[in-house]
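1. Below are the sequence and a predicted model for it; my questions follow.
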Amino acid sequence: MCGIAGLIHKGKSANIGGELTAMLQALKHRGPDSTGFALYGNPMADKHVMRFKVAEQEDVNKGFDIIHQMKERKSVVDDRLVEMGARIESEEQVTEYAHRYIFSFDGDLKRLADYIEDVDGAEILSLGHALELIKDLGDAGRVSTQYGLDDFEGTHAIGHTRMATESDVDIRSAHPYWAYPFNDVSVVHNGQLTNYWGKRRDLERRGHRFMSNCDSELIAVYLADSIDRGEELEEAMGRSIHELDGVFTYVVATGDKLGMAKDIMAAKPMVLYESDEFVALASEEVAIRSIFPHEIDTYDPYEGEVRVWQS
């Protein structure tokens, strides 16, 4: 049992970091092991923002050797960015193992991402013009405080609270997932895909690289690949209902859109609230009530439903 949530402001920016933190904290009972945020700030068309880590949280207490290794890994990442022609505009060490870079780059983004990912122990969490993906162990309040997300300004966001059932409790296994190596596409998902490996092999034959064995990442790459081949997001999501087998509800975000889809069995919960200015959706109404404590009308999307909203 996990919790998913999303929100979008139509035509304006707001404190999406604080809003999503409240929604995910309200879903803590659905998944206390790790929490993830995919936040969409104001786009930087001529720059990329990259979130990456050089170790797992549990590694930092292993003594001097791991501290030295983290510094070495970061240094290699810096060298490879420069070698590929990127110009680092700003850098921030958020935790002992997590970093945030803004850089200029006009080359092949996949080659750059592959080169950085080949640094042993380094993992890119997100790379885009607007997307910043943050995930770590603990509940939403802890992760939000640790990464300073309470006042993050942007237009839309999605998030996930995870209860580990089949894989380790670590950052690598936490959600959301970025659609490697596409700009600004992320997914959160509740459910299970039964044709995961077949669909993954199809996408790998198309040249895509997977960073985990999580079916949420498959949905992200599937949708990003469809968009890259000229499909609109809503069209790709509609096709996913019929091509992805299993029981699932997922929420996807791109640089300027938020979408949700439910499979035809509608076994996984989703509650939605929409006004002229704002949309919020979550696994349980309590998450929406955390930011709208006054009386509002919510509804459950029907089976096979696909919705997309523009920021």
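-> Cool, the structure landed.
2. taking the mean pLDDT, what do you get for the helix or strand containing residue 200?
-> In the assignment (DSSP states H and E), residue 200 maps to helix 196-205. Across helix 196-205, pLDDT averages out at 95.
3. Next, the angle helix 196-205 makes with the helix or strand just after that helix.
-> Where DSSP H and E defines the elements, the next helix or strand beyond helix 196-205 is helix 215-228. Angle between the axes of helix 215-228 and helix 196-205 is 40 degrees (criterion: axes from the mean of the first three to the mean of the last three C-alpha atoms, to 10 degrees).
4. just how off-centre is helix 215-228 within its chain?
-> With C-alpha atoms, centre = their mean, to the nearest Å as the basis, helix 215-228 stands 12 Å off its chain's centre.
5. Buried residues of the helix holding residue 200, list them for me.
-> Across helix 196-205, burial judged by 16 or more other C-beta atoms under 10 Å covers 196, 199-200, 203. The C-beta positions use only the backbone N, C-alpha and C, and glycine is treated the same way.
6. Output those as a markdown table; include the columns distance to residue 50.
-> What follows is the buried residues of helix 196-205, written out as a markdown table (distance: C-beta to C-beta, whole Å):
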| residue | distance to residue 50 |
| --- | --- |
| 196 | 27 |
| 199 | 27 |
| 200 | 25 |
| 203 | 23 |
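7. and which of these is nearest to residue 183?
-> Among those, residue 203 lies closest to residue 183 (C-beta to C-beta), at 17.5 Å.
8. Out of the buried residues of helix 196-205, which is nearest to residue 44?
-> With C-beta to C-beta as the yardstick, the closest approach to residue 44 among the buried residues of helix 196-205 comes from residue 203, at 28.3 Å.
9. if I pick that closest one, what's in contact with it?
-> 210, 218, 221-222, 225 (C-beta atoms under 8 Å, 6 or more residues apart in numbering).
10. Could you report the pLDDT at the residue nearest in space to the middle of the chain?
-> In the chain, the residue lying closest to the centroid (C-alpha atoms, centre = their mean) is residue 176, at 3.4 Å. On pLDDT, residue 176 comes in at 94.
11. Surely it is in contact with residue 219?
-> No: counting by C-beta atoms under 8 Å, residue 219 is not a contact partner of residue 176; they are 10.4 Å apart.
12. and for the two, which residues touch both?
-> Joint contacts of residue 176 and residue 219 (C-beta under 8 Å, 6+ apart) are residue 187.
13. where exactly do the strands run in the stretch 201-311 of the chain?
-> Ranges of strands in the stretch 201-311 of the chain, per DSSP state E, counting those that start in this stretch, are 246-253, 257-262, 271-274, 278-282, 306-310.
14. Save those strands as CSV, and put in distance to residue 49 and mean neighbour count too.
-> What follows is the strands of the stretch 201-311 of the chain, written out as CSV (distance: least, C-beta to C-beta, whole Å; neighbours: other C-beta atoms under 10 Å):
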stretch, distance to residue 49, mean neighbour count
strand 246-253, 15, 24
strand 257-262, 18, 24
strand 271-274, 29, 18
strand 278-282, 24, 23
strand 306-310, 21, 17
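15. Nearest to residue 141 among the ones you listed would be which one?
-> For residue 141, the closest of those is strand 278-282, at 16.5 Å, according to C-beta to C-beta.
16. Partner strands of the closest one and their direction?
-> strand 3-9 (antiparallel), strand 271-274 (antiparallel) (DSSP bridges).
17. re the thing from before, just the buried residues of the contacts of residue 203.
-> Here, 16+ other C-beta under 10 Å leaves 218, 221-222, 225 buried among those.
18. give me the number of residues near residue 52?
-> 23 (other C-beta atoms under 10 Å).
19. just residue 266 next, same as before
-> Neighbours around residue 266, by other C-beta under 10 Å: 16.
20. Name all residues that make contact with the residue nearest to it when sequence neighbours are not counted.
-> Spatially, and ignoring its direct neighbours in sequence, residue 266 is nearest to residue 303 (3.6 Å; C-beta to C-beta, 6 or more residues apart in numbering). Contacts for residue 303 (C-beta under 8 Å, 6+ apart) come out as 262-266.
21. Including distance to residue 243 and pLDDT, could those residues go into a markdown table?
-> Converted to a markdown table, those look like this (distance: C-beta to C-beta, whole Å; pLDDT from 0 to 100):
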| residue | distance to residue 243 | pLDDT |
| --- | --- | --- |
| 262 | 15 | 95 |
| 263 | 11 | 92 |
| 264 | 12 | 90 |
| 265 | 15 | 87 |
| 266 | 17 | 82 |
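22. Which one of these is nearest to residue 298?
-> Using C-beta to C-beta, these come closest to residue 298 at residue 262, 15.0 Å.
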